[in-house]
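In: Fold the following, please.
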Amino acid sequence: MDKWTWGWTPALEEAFDQIEEDGLAVGRVTLQHKRLYRLQTEYGELLAELTGRFRYETTRVEDYPAVGDWVVIRPRVAEGRASIEAVLPRFSRFSRKVAGRTWEEQIVAANVDTVFLVNALNQDFNVRRIERYLTLAWESGAQPVIVLNKADLYPDVTDKVAQVEAVALGVPIHVVSGLTGEGLDELMAYLQPGKTVALLGSSGVGKSTLTNCFLGTEQQEVQAVRAGDDKGKHTTTYRELFLLPQGGCLIDTPGMRGIKLVDQEHGVQETFEEIEQLARSCRFTDCQHHGEPGCAVELALAEGRLAPKRLANYRKLLRELAYYERKENRQLAHAEKEIWKKRSKQAKINARK
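Out: Residues are numbered from 1 along each chain as shown. The predicted structure is shown next:
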């Protein structure tokens, strides 16, 4: 394996060099099973499990390996296996809140250079959902690119593109068709050797079809969307990283219809930049944009310079962030308590030796 083709960087090299221990190597996670990870390494493909020490010392879900991560391993080449000792620092990570009431962060993809936010030009087209994806993408550290797929079903895309341009200020927008190949050449410019692109979007938007186009093979199963509402079925059920023929890496992900934020304050600021700029002109610095005198945001709304739905989505995302910030504070306090309990227990064991 050529590490550099698979996305290895000088920063990762420096981080690995600081680990002074013989017998260690590195690998990139290409697929995550329930308790096993499939890795690409200098020894070829290996199946790996976490060491007991890693499991013992790790208290947060987001600190476990995810697809796209580079991990430090102790290989057992003869067995085709390896043990994961550590996760090297991520330069980007796309994450969301785990479904349910528990406050936990789920890493969807790590060490991604560009995020293709795939949306279908059919009845399921949703600008508000695009705003939420943009919020997550900006916070991830990767460069967002909006891909409007299934252009073959919607000949006149002018109005759809205009709607997206209004909420995705400065973000590249590409109109493509995974079925006919329209516009795919423009996307190939992002899929360069050593670079990693992740495909993100709802079920049925055509991520698996695009993956097959880039790979040049029918690697991913595809299904038709439901008749009547154009909503998709879950074809891809897990995240997987592929090496493309031209040398770049591609991560395909399952469809996500419910996008729950973790702590994406920076992402909200980037996605709703024009509202943030208006807010800086409000009379009061702590203006909540709900009837306060001298509110520049509500003035723009009254004058038609700001769409009501866009402001409503902005307010909704801010409420979510405030809620998860409160939850996170309690979660962090609990995690810190667990760490100290483990350290105290280990100290007692060492004292008896």
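In: shaky segments in this structure?
Out: In the predicted model, the chain carries pLDDT under 70 at residues 97-104, 218-237, 255-267, 320-353.
In: domains in it, as residue ranges please.
Out: Using automatic domain parsing, the domain ranges for the chain come out as 10-87, 93-252, 265-336.
In: In TSV, list those along with mean neighbour count.
Out: All C-beta spots, glycine's among them, are computed from the backbone N, C-alpha and C. Formatted as TSV, the domains of the chain follow (neighbours: other CB atoms under 10 Å):
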stretch	mean neighbour count
domain 10-87	16
domain 93-252	19
domain 265-336	15
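In: For those, give me a markdown table that also has distance to K3.
Out: As requested, the domains of the chain are exported to a markdown table (distance: least, CB to CB, whole Å):
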| stretch | distance to K3 |
| --- | --- |
| domain 10-87 | 7 |
| domain 93-252 | 9 |
| domain 265-336 | 30 |
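In: Dihedrals phi and psi, L200?
Out: Main-chain torsions, L200, degrees, to the nearest 10: phi -130, psi 140.
In: Check which helix or strand I107 maps to.
Out: strand 105-110 (DSSP states H and E).
In: which element follows that strand toward the C-terminus?
Out: strand 114-120.
In: Could you list every helix and strand that that following strand packs against?
Out: Applying 3 or more CB pairs under 8 Å, 6 or more residues apart in numbering; DSSP states H and E, we find strand 114-120 packed against helix 127-140, strand 143-149, strand 196-200, helix 207-215.
In: Tell me what angle the strand or helix carrying A162 forms with helix 127-140.
Out: Under the criterion of DSSP H and E, A162 resides in helix 158-167. Orientation check (axes from the mean of the first three to the mean of the last three CA atoms, to 10 degrees): helix 158-167 against helix 127-140 gives 40 degrees.
In: Direction included, what does the helix or strand that helix 158-167 is followed by pair up with?
Out: The first helix or strand that comes after helix 158-167 along the chain, using DSSP H and E, is strand 173-175. Strand pairing for strand 173-175, determined by DSSP bridges: strand 143-149 (parallel).
In: gap between the partner strand and the chain center?
Out: Computed by CA atoms, centre = their mean, to the nearest Å, the chain-centroid distance of strand 143-149 equals 13 Å.
In: for stretch 166-176, same thing?
Out: 18 Å.
In: start to end distance for it?
Out: 19 Å (CA to CA, to the nearest Å).
In: one step back: please name whichever of the domains of the chain is nearest to W4.
Out: Set against W4 and scored by CB to CB, these come closest in domain 93-252, at 5.5 Å.
In: How about R35, nearest residue that isn't a chain neighbour?
Out: E49 (6.3 Å; CB to CB, 6 or more residues apart in numbering).
In: who does the one you found bridge with?
Out: Beta-bridge partners of E49, as defined by DSSP bridges: S83.
In: Tell me if I'm right that it and Y37 touch.
Out: Yes. Using CB atoms under 8 Å, E49 is in contact with Y37, at 7.5 Å.
In: list residues touching both of those two?
Out: I84 (CB atoms under 8 Å, 6 or more residues apart in numbering).
In: hang on, E292 in a strand?
Out: No. Using DSSP: H, G, I helix; E, B strand; the rest coil, the assignment for E292 is coil, not a strand.
In: Let me see the contact set for it.
Out: Neighbouring residues of E292 by CB under 8 Å, 6+ apart: C282, R283, F284, E298.
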